[in-house]
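Asks: next comes the sequence, and after it the predicted model I'd like to discuss.
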Amino acid sequence: MKKSNIFLLYTILLVLIVLGIVMGFINFIIDLEWFSNLHYLDVYLKNFLMQVIIGFLVFIIVFLFLYYYVDKIIKDYSNFAQDIIVKKNTKTYKKVSLITSALIAFFMAFGIAANWWKEYLFFINSIPFKETDPIFHKDMSFYIFKLPLLYHIYRLSITLILIIVAFVIIAYTLMYLSDKTRFYEISDKDGNLFRAIYNKEILTKAFKELTILGIVFFLLLAIGYYFDTFQILYSAKGRVFGATYTDIHVSLLFYKILIFASIAAGILIYVAFYTKNIKYAFASISLIPVIMLMMFISETIVQNLIVSPNELNKESPYISHNIEYTRKAFGLDQVTEKKYDMKKELTWEDLEQNKGTIDNIMINDYRPVKQAYNQLQALRLYYKFNDIDIDRYIINGKYRQVFIAAREIDYESLPPQAKTWINLHLKYTHGYGVVMSLVNDVTPTGQPDMIIKDIPPSTNTDIRIDRPQIYFGELTNDYAIVNTKTGEFDYPSGDKNVQTNYEGTTGIPMTFINRILFSIYTKDARILLSTDITKDSKILIYRNIIERVSKIAPFLLYDDDPYLVIDNGKLYWIIDAYTYSANYPYSQPYGNMGINYIRNSVKVVVDAYNGDVKYYISDNNDPLIKVYSKIFPTLFKDIKEMPQGLKQHIRYPQFLFDIQSEVYKTYHMTDPQVFYNKEDAWDIAKEKFDDKIEYLESQYMIMKLPGENKEEFILMIPYTPATKANMVAWMAARMDRENYGKLVVYKFPKNTIVYGPLQVENMIDQDPNISKELSLWNQQGSSVSRGNLLTIPIDDSMLYVEPLYIQSQNQNALPEVKRVIVAYKDQIVMEDTLKNALNKLFNLNIQQIPQQNIPSNTASETQKQLIGKAHEAYQNAMEAVKKENWADFGKYMEELKQILSQLNKSIK
């Protein structure tokens, strides 16, 4: 290669390295400013410095190890080679080896530092679980906090040895075959003799290096087999996860044999070199594979001839271990099981005593609610409701369950001509307000009856919103620069837009230096060149709340369903965070991540306006969160420090509950024989939704649990037998006050048949009156769909409620709640309101049932049709306004005028 090409290559490499260092330094400075702004600088520095220390140590060890062997090989090549050019280039070869070793060591150290820091901090901050495994009787902290790091070190060491072994074999083989190590220029008389001698010396040198490496390799292998003895606790070969009969009586024995065999193999390698007897070398290499083959044969024989014919007897103790430790790892050992006798006949008095439950029956579903919010309350093209959350509030003195959603800026919905840099980053900086509706109320047209709505927020409740701006949310995926000359769009008001300036404390000041840094960081020079940015301006980054909390504490697992809370006039996001592990012995792994231990130990609160983030420990019994709080003492606060208004809204997370309910459907069986035969296996109940059979979603609801005196907010799911559709039990997670986190399972008597949701769905399908009415609606140009079937336990009885939606074929039409189906035992009724359905089902006087704002059935069919057409025309007119299509707007308004005229005549 020409010197000019080499110079160019080195120049390009140097430029890339400098650019990488500069970008890394800029990212580091920005991170320092951002963490400092949030008062978590110590968290960042501890994380960063720990990675630097680990990376530096790994770099030094790997570099010295690699460079030693590469340099040694180069020296040997230079000594044996008789080519003058080779000897002259020895210094160049050494420089190349130095750079190559450094680069390999750097990339290995970089990757290891990014992945090992948590394991290292776990190792040095470990605390006992005060639980031991049933085989080796070691505390669980050994497996979760210590063994992972030891395994990492072992794997790195064995990998380095294998790389060097491969390199030595290749290098000395090429050296042996190279013409440059032969003496063709010496006299014919002696040339062949000298060549043979030098080739022999090369082989001797190679065997010496391989002997040293071989001894180290087999000693490391012995350590690896010692670690493998603990891996039997994660065996997946048997009937259940964890060590089984064959693992304990065969595999464990052979791992111990392999430990001594590895040491013996290292000794044989040493003997082979000094006795010059190749047989010992072959014996050392073949010893381990022979024992492993014997291990495989022995395992197969024992499993098939001893275990399989007597599997239940042999595996019972290990099945018990799996049941016990799986239940502990998923928090199911604390589940309280109770009987639910189903002996009571519901009466009006029972409904009256459970008025709080009846008043909060969800006759709407979050999916059509989201659709309605976006069509009726988005108000502008650039607003969007990303998600519907379910929570509970004290509203005008009553405990009510509600839907709530944040109105956020959706930058993707802006017209192309409006997607300018100023609009995206300086002008449209935040969303505005929320919409809230009761889960059991709808308007006369079947839409959610919104108790908080519009811009600015209006309400007839005692809930107030003083700070409706949302600078940090689920859709705020890009940076915003606030307090600029441009002014920020706050909210639309008629034909004008109201502007505002950010008054929060967070944000990085836009000093001249910071403008340069962020121009490079964002690869956008407009941050530096814009005259709208002043010394008072600030930049807000990491505004997506999941990204924000993950940046601060990346070691936690975050729920993908944050929910919005109104407290003391301000908006907050609450995010559930989890500690987890895949290293809990004997516990059955769950999901793609292989998690076999999980706790919802942290509640994260993010201020939607200011962006402040606070981490509250909600499970002080979790050893993992104790270790994390020991590592980062300033990061976590006790849940007692959470403001009372926020504490009233913490929920038991659906994500964790769904995992627990899924695991419990098998692990409610604690008897090994019953578990082995799956005699009492359960399944999550199924329902029919949108004409498809699917698993029932766990449901938040307000209800009075059996034996309790007042209603509470719970999360529940019904169970059926694994191969049948009738219900056998239901699980509830409690979350109010001192009962937070308690899991209760109510079991039905085995001699009683309780209809499951899918059976009730089939009964609805077979009801002639309901089928007739559904068919009629479908023939009239409307589509009929059924919402979630709710199973509502009331006083040792079970009530089933399902809303019915009707949606016209018009493109912009919304699904409307038009009927409510209620089932009790063998009776099914469908009426236009829940009130009337309960009246018909229990033969009650209509005044006895609490009045609810659901479409009444007093209008004639003609009037109903006209009302529906009027609503449709209004929706079309509003869509035309959004699209600024004034011709269509006029047409639809004229149509609405005619419909209202017809409706007025029908009333007269």
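Replies: Alright, I've got the coordinates. Just so it is clear, the model here is predicted, and its values are computed rather than measured.
Asks: okay, CA-based contacts and neighbour counts for the rest of this
Replies: OK.
Asks: look up how far Ile650 lies from the closest residue to Arg651 other than its chain neighbours.
Replies: Leaving aside its sequence neighbours, Arg651 sits nearest to Met735 (Cα to Cα, 6 or more residues apart in numbering; 6.0 Å). Look at Met735 and Ile650: by Cα to Cα, to the nearest Å, they are 7 Å apart.
Asks: likewise Asn364?
Replies: In terms of Cα to Cα, Asn364 sits 23 Å off from Ile650.
Asks: now do the SS call for Glu697.
Replies: coil (DSSP: H, G, I helix; E, B strand; the rest coil).
Asks: what about the residue nearest to it when sequence neighbours are not counted, which helix or strand?
Replies: The shortest distance from Glu697 to any residue other than its chain neighbours is 7.3 Å, reached at Ile717 (Cα to Cα, 6+ apart). According to DSSP states H and E, Ile717 maps onto strand 712-721.
Asks: export that strand as PDB, just CAs?
Replies: C-alpha atoms of strand 712-721 as PDB (Å, rounded to 0.1, in the frame of the first residue of the first chain):
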ATOM      1  CA  GLU A 712     -63.600   0.100  46.900                       C
ATOM      2  CA  PHE A 713     -61.700   0.400  43.700                       C
ATOM      3  CA  ILE A 714     -60.500  -3.100  42.600                       C
ATOM      4  CA  LEU A 715     -59.100  -4.900  39.500                       C
ATOM      5  CA  MET A 716     -60.600  -8.200  38.800                       C
ATOM      6  CA  ILE A 717     -60.600 -11.200  36.400                       C
ATOM      7  CA  PRO A 718     -62.800 -14.300  36.200                       C
ATOM      8  CA  TYR A 719     -61.400 -17.800  35.800                       C
ATOM      9  CA  THR A 720     -62.900 -20.900  34.000                       C
ATOM     10  CA  PRO A 721     -61.700 -24.500  34.000                       C
END
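Asks: just after it, pick out the following helix or strand.
Replies: According to DSSP H and E, the helix or strand after strand 712-721 is strand 729-734.
Asks: which residues touch that following strand?
Replies: 652, 657, 661, 712-720, 740-748 (Cα atoms under 8 Å, 6 or more residues apart in numbering).
Asks: recalculate using a threshold of 6 Å.
Replies: 714-719, 740-748 (Cα atoms under 6 Å, 6 or more residues apart in numbering).
Asks: what is the most widely separated pair among those?
Replies: Tyr740 and Phe748 (24.3 Å; Cα to Cα).
Asks: what comes up buried for the helix or strand where Glu547 lies?
Replies: In this assignment (DSSP H and E), Glu547 forms part of helix 545-552. Neighbour-count burial for helix 545-552, counted by 16 or more other Cα atoms under 10 Å, picks out 545-546, 548-550, 552.
Asks: which helix or strand lies directly C-terminal to it?
Replies: strand 557-558.
Asks: the helix or strand following that next one pairs with which strands?
Replies: Later in the chain than strand 557-558, the nearest helix or strand by DSSP H and E is strand 563-567. Its sheet considered, strand 563-567 pairs with strand 569-581 (antiparallel) by DSSP bridges.
Asks: let me know the next secondary structure element after the strand it pairs with.
Replies: strand 597-607.
Asks: chain center to the following helix or strand past that next one, what's the gap?
Replies: Proceeding N to C from strand 597-607, the next assigned helix or strand is strand 613-617, under DSSP H and E. Centroid separation for strand 613-617 versus its chain: 18 Å, with Cα atoms, centre = their mean, to the nearest Å.
Asks: and stretch 563-581, by the same measure?
Replies: On Cα atoms, centre = their mean, the centre of stretch 563-581 falls 15 Å from that of its chain.
Asks: using CSV, list the CA coordinates for it.
Replies: Output of stretch 563-581 as CSV, limited to C-alpha atoms (Å, rounded to 0.1, in the frame of the first residue of the first chain):
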residue,chain,number,x,y,z
TYR,A,563,-52.2,7.5,33.7
LEU,A,564,-53.1,11.1,34.3
VAL,A,565,-54.1,12.4,37.7
ILE,A,566,-55.6,15.7,38.7
ASP,A,567,-54.5,16.9,42.1
ASN,A,568,-54.8,20.3,43.7
GLY,A,569,-55.5,21.9,40.3
LYS,A,570,-52.4,20.4,38.6
LEU,A,571,-51.9,17.5,36.2
TYR,A,572,-49.5,14.7,37.0
TRP,A,573,-48.6,11.4,35.3
ILE,A,574,-48.2,8.3,37.5
ILE,A,575,-46.1,5.5,36.0
ASP,A,576,-45.8,2.1,37.6
ALA,A,577,-42.2,0.8,37.7
TYR,A,578,-41.0,-2.7,38.4
THR,A,579,-38.0,-4.5,39.8
TYR,A,580,-37.4,-7.8,38.2
SER,A,581,-35.0,-10.7,37.7
